[in-house]
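Undergrad: Okay, structure incoming, though there's no sequence with it:
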């Protein structure tokens with residue numbers, strides 16, 4: 001099969017399209033013919049080797065953590081899925097490939113497109129997990145950094161659905177998009193504290209940092225000097241500020257539940273998944289470069 005691999009850590013130039021052996025479903029697994037694979041910031045961080053101390057990265061490595069596709073092989077003990085079923089989920093072998101193995105999946109609703117389905121697993125689970133950690137409730141005000149990105153856009157919609165007032169930081173070019181999601185957009189960077197206070201003179205009840213662009217000091221100031229109810233998924237300096245950093249679902253059951261709930265919400269129209277750009281497998285390096293540069297309005301997706 002065709003797959004993207006890297007044999008050493010480094011920049012996007014280490015990504016190569018290769019012919020590799022097909023994986024086969026083991027006990028509890030399914031093999032999926034990949035129709036779309038989501039591109040995430042974690043992908044380029046893994047490629048650089050920045051996460052190798054706590055994220056196993058045996059070389060050569062096929063990147064890609066999430067997918068949507070069609071089940072084409074069933075492993076021993078799998079009874080709830082059959083060959084031909086359309087699913088979405090997390091890949092156990094890398095989703096930048098024609099085939100991938102998985103054991104955490106959910107049915108893909110018929111009305112949901114492949115690219116949109118591939119955009120759900122990580123962004124949807126992450127957004128729900130952080131909003132739950134922050135315990136944001138009806139009538140409260142949430143400051144969300146990176147509101148136009150893959151995770152941020154989903155989080156805005158889920159928060160608004162809870163009755164939360166959302167202020168979303170984004171580049172000015174993305175303000176209309178952030179506004180369309182239901183948030184009040186503000187520009188990030190110098191002067192952020194004053195801009196947020198202008199639109200939320202009553203203050204902010206919680207902060208969700210999905211950008212990791214050095215916004216924690218301003219966030220703490222906007223929370224009145226406390227780190228309580230501030231959570232980041234992207235700032236490696238979180239510990240220095242005493243801010244909670246979270247990564248990864250607590251268990252497979254939680255991930256499956258998130259897949260089902262978010263997929264149903266998306267097909268019902270309650271969750272809009274904007275695709276910023278799609279790439280063929282041969283464009284994986286370009287896709288990761290775009291991800292690393294930041295500011296994509298929506299999700300980047302690889303279509304094998």
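TA: Sure, I can see it. Predicted model only: the values in this text are computed from it and were never measured. Residues are numbered from 1 along each chain as shown.

Undergrad: Now the phi/psi pair for the residue most central in space within the chain, please.
TA: Residue closest to the average C-alpha location in the chain (C-alpha atoms, centre = their mean): residue 123, at 3.1 Å. The phi and psi values for residue 123, taken as degrees, to the nearest 10, are phi -60, psi -40.

Undergrad: And the strands in the stretch 51-200 of the chain?
TA: Ranges of strands in the stretch 51-200 of the chain, per DSSP state E, counting those that start in this stretch, are 66-74, 86-90, 99-102, 104-107, 141-145, 165-169, 184-186.

Undergrad: quick one: which of those strands is nearest residue 271?
TA: Each of the strands of the stretch 51-200 of the chain has some distance to residue 271 by C-beta to C-beta; the shortest is strand 86-90, at 13.2 Å. To be clear about C-beta, it is placed using only N, CA and C from the backbone, and glycine gets the same treatment.

Undergrad: got a list of what the residue lying closest to residue 229 once chain neighbours are set aside touches?
TA: Distances taken as C-beta to C-beta, 6 or more residues apart in numbering put residue 206 closest to residue 229, at 4.2 Å, once the chain neighbours are dropped. Applying C-beta atoms under 8 Å, 6 or more residues apart in numbering to residue 206 gives the contacts 134-136, 140-143, 229-231.

Undergrad: Just the buried residues of the residues you listed.
TA: Among those, those classed as buried by 16 or more other C-beta atoms under 10 Å are 134, 136, 140-143, 229-231.

Undergrad: just to revisit the earlier point, can you pull up the bridge partners for the residue nearest to residue 229?
TA: Using DSSP bridges, the bridge partners assigned to residue 206 are residue 142.

Undergrad: Please determine how far it is located from residue 141.
TA: Distance, residue 206 to residue 141, using C-beta to C-beta, to the nearest Å: 8 Å.

Undergrad: Next up, phi/psi of residue 109, please.
TA: Residue 109 has phi and psi values of phi -60, psi 140 when expressed as degrees, to the nearest 10.

Undergrad: My read is that it contacts residue 264, right?
TA: Yes. In this structure, residue 109 is within contact of residue 264 by C-beta atoms under 8 Å, at 6.7 Å.
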